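>>> A structural model of the following input is requested.
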Amino acid sequence: MQLIADGLAAAKQDGLTPAQAAQRTVDAAVREKRRLPGLGHRVHTTDPRVKVLFDMARAEGVAGDGVLFMEALEAEARTRIKPLPMNVDGALAGILHDMGFAPPAGRFLFIVARVAGLTAEVAEEYERERPMRIKVKVEYDGPPLSPD
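Residues are numbered from 1 along each chain as shown. Here you go, the predicted structure:
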């Protein structure tokens with residue numbers, strides 16, 4: 001979300017559109033050899049969740065410059081770098097930005113979502129499959145615990 005907030009703040013200051021801000025952001029990423037958070041997926045060439053989330057945001061009147069910025073960022077990266085499909089984190093970042101969430105709050109929401117997803121996977125595994133989790137014997141090696 002910080003990438004969106006910074007890009008759009010610079011756009012506002014310099015009178016740029018979200019698409020022009022995305023071009024600037026990709027220029028900087030290429031120049032500095034940085035990855036673009038919210039883009040790229042190990043499995044999907046198009047993350048199906050992105051369209052669903054953006055359609056919902058538009059239907060509810062929430063989608064704004066954050067969504068436009070992320071769509072332009074994906075398009076510019078495709079042109080300048082390689083096809084990097086927007087992932088669910090990029091979609092959520094755009095929507096949360098448009099809903100007025102600050103980047104630290106967005107990071108918190110991403111973490112909560114990951115914990116919920118991992119919890120569901122583990123619960124499903126225990127219910128349906130033979131547990132695959134590797135159990136490593138761990139021994140506490142920190143400072144001595146007080147007796148209280």
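
>>> the residue nearest to His44 when sequence neighbours are not counted - how many residues pack around it?
Nearest non-adjacent residue to His44, counting by CB to CB, 6 or more residues apart in numbering: Pro85, 6.0 Å away. In short, each C-beta sits where N, CA and C put it, glycine included. By the measure other CB atoms under 10 Å, the count of residues near Pro85 is 17.

>>> try the one 5 residues further on
Gly90 is flanked by 28 other residues according to other CB under 10 Å.

>>> my guess is it contacts Arg49. True?
No. Judged on CB atoms under 8 Å, Gly90 makes no contact with Arg49 at a distance of 10.3 Å.

>>> re earlier: how far away is the residue nearest to His44 from Leu96?
Distance from Pro85 to Leu96, counting by CB to CB, to the nearest Å: 19 Å.

>>> same for whichever strand or helix holds Met56, what does it pack against?
Element membership for Met56, per DSSP states H and E: helix 48-59. If contacts are counted by 3 or more CB pairs under 8 Å, 6 or more residues apart in numbering; DSSP states H and E, helix 48-59 sits against helix 65-80, helix 88-98.

>>> buried ones in the first one?
Of the residues in helix 65-80, those buried under the neighbour-count criterion (16 or more other CB atoms under 10 Å) are 65-74, 76-77.

>>> how far away is the nearest residue in space to Arg49 that is not next to it in sequence from Ala9?
In space, Arg49 comes closest to Val88 once its chain neighbours are excluded; the distance is 4.6 Å by CB to CB, 6+ apart. Here the criterion is CB to CB. By it, Val88 lies 24 Å from Ala9.

>>> and if you look at Ile111?
From Ile111 to Ala9 the distance is 24 Å (CB to CB).

>>> got a list of what Lys33 touches?
Residues near Lys33 by CB atoms under 8 Å, 6 or more residues apart in numbering: none.

>>> where's the residue nearest to Ile81 when sequence neighbours are not counted, which helix or strand?
Excluding the flanking residues, the one nearest Ile81 by CB to CB, 6+ apart is Val30, at 6.6 Å. In the assignment (DSSP H and E), Val30 maps to helix 18-32.

>>> quick check: angle from that helix to helix 65-80?
50 degrees (axes from the mean of the first three to the mean of the last three CA atoms, to 10 degrees).

>>> so what does helix 18-32 touch, helix or strand wise?
By 3+ CB pairs under 8 Å, 6+ apart, helix 18-32 packs against helix 2-14, helix 65-80.
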